[in-house]
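Chemist: Structure, please.
(one chain, ligands or ions: 2)
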Amino acid sequence: MSQPISGVLSSLERVLLDASTIQTRVADLAAEIERDYAGQELCVVTLMDGALFFVADLLRSMDLPIRLFTLTVSSYHGDTTSSGRVQMAQTFPFDLKARHVLLIDDILDTGLTLATVHERIREQCHPETLKTAVLLRKERPRVSEINADYVGFDIADEFVVGYGMDYKGHYRNLPCIGILDPTTLG
Ligand code: 5GP
Ligand code: MG
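Modeler: Ligands and ions are numbered 1, 2, ... in the order given. Below you'll find the predicted structure:
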């Protein structure tokens, strides 16, 4: 059954980042990226679905020529910990050769997702430059040696939902980012 927004908010144990804090930081990040790519066309590759809201806000704050490509990958498979495997299409259906590419994801957690896609783009697409941006970076050891070039917030190693990020398909529409009440998990 669908839940009203107040019902969704009450599923949170606490709010980690409220909507205005997120909006302010995303606008700052957009300004930084815009400065770095001034005078150039940017090809953005965004991982779905978690980065959807982040990328929508980020790109609308940037005054640059941008082409947007989306890629569906999954490593969590509806759980709260990474499965250790990244599922994605074998080949990229878009031409990034000699382009300036910015790869965007919602969270840098174990690093497996970003490292896998980064490597594939580099090997298969031969971009001119390839950088990465994430909204959240968890403070934890990474299984892959990758760090994002642009980071919104550093957070503790906890499972978060909201602002595009889900638990079993729920909570993406929360304007804030929060920690679920443990009784909601299961
Ligand atoms: P990694 O491959 O770095 O371990 O995981 C990255 C992916 O796992 C992210 O794209 C995100 O979809 C998912 N993920 C990692 N941590 C969280 C979390 O706290 N909440 C949610 N909803 N997804 C997460
Ligand atoms: Mg993801």
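Chemist: going forward, measure contacts and count neighbours with C-alpha atoms only.
Modeler: OK.
Chemist: Going along the chain, name the helices of the protein.
Modeler: Secondary structure of the chain (DSSP state H): helices at 5-9, 19-36, 52-60, 112-125.
Chemist: Among those helices, which comes closest to Cys43?
Modeler: Distance to Cys43, taken as C-alpha to C-alpha, is lowest for helix 52-60 among those, at 11.1 Å.
Chemist: Report whether that closest one contacts ligand 1.
Modeler: No: with C-alpha under 6 Å from any ligand atom as the criterion, ligand 1 is not reached by helix 52-60; the gap is at least 10.7 Å.
Chemist: try stretch 63-73
Modeler: No: interface with ligand 1: stretch 63-73 contributes nothing (C-alpha under 6 Å from any ligand atom), its closest point being 8.0 Å away.
Chemist: Enumerate the residues of this protein near ligand 1.
Modeler: Within reach of ligand 1 by C-alpha under 6 Å from any ligand atom, the chain has these residues: 50, 76, 82, 105-113, 158-161, 165-167.
Chemist: Of all residues in this protein, which one is nearest the centre?
Modeler: The centre of the chain sits closest to Asp106, judged by C-alpha atoms, centre = their mean, with a distance of 1.6 Å.
Chemist: By mean pLDDT, flag the weakest helix or strand of this structure.
Modeler: helix 5-9 (a mean of 71; mean pLDDT, DSSP states H and E).
Chemist: Could you report the neighbour count for Leu16?
Modeler: Residues near Leu16, counting by other C-alpha atoms under 10 Å, number 15.
Chemist: wouldn't it be in contact with Pro175 here?
Modeler: No: shown here, Leu16 and Pro175 do not form a contact pair, counting by C-alpha atoms under 8 Å, at 11.5 Å.
Chemist: Strands of this protein, start to end?
Modeler: Assigned by DSSP state E, the chain shows strands spanning 12-17, 42-48, 66-72, 100-108, 129-138, 150-155, 160-161, 177-180.
Chemist: Columns mean neighbour count on top of the helices of the chain, output as CSV?
Modeler: Below are the helices of the chain laid out as CSV (neighbours: other C-alpha atoms under 10 Å):
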stretch, mean neighbour count
helix 5-9, 13
helix 19-36, 16
helix 52-60, 18
helix 112-125, 17
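Chemist: Identify whichever of these lies nearest to Tyr171.
Modeler: Smallest distance to Tyr171 across these (C-alpha to C-alpha): 6.6 Å, for helix 5-9.
Chemist: how close does Leu16 sit to Val86?
Modeler: The gap separating Leu16 from Val86 is 27 Å, by C-alpha to C-alpha, to the nearest Å.
Chemist: What residues are bridge-paired with Ile177?
Modeler: Taking DSSP bridges, one obtains Leu17 as the residues bridged to Ile177.
Chemist: Nice, that's everything, thank you.
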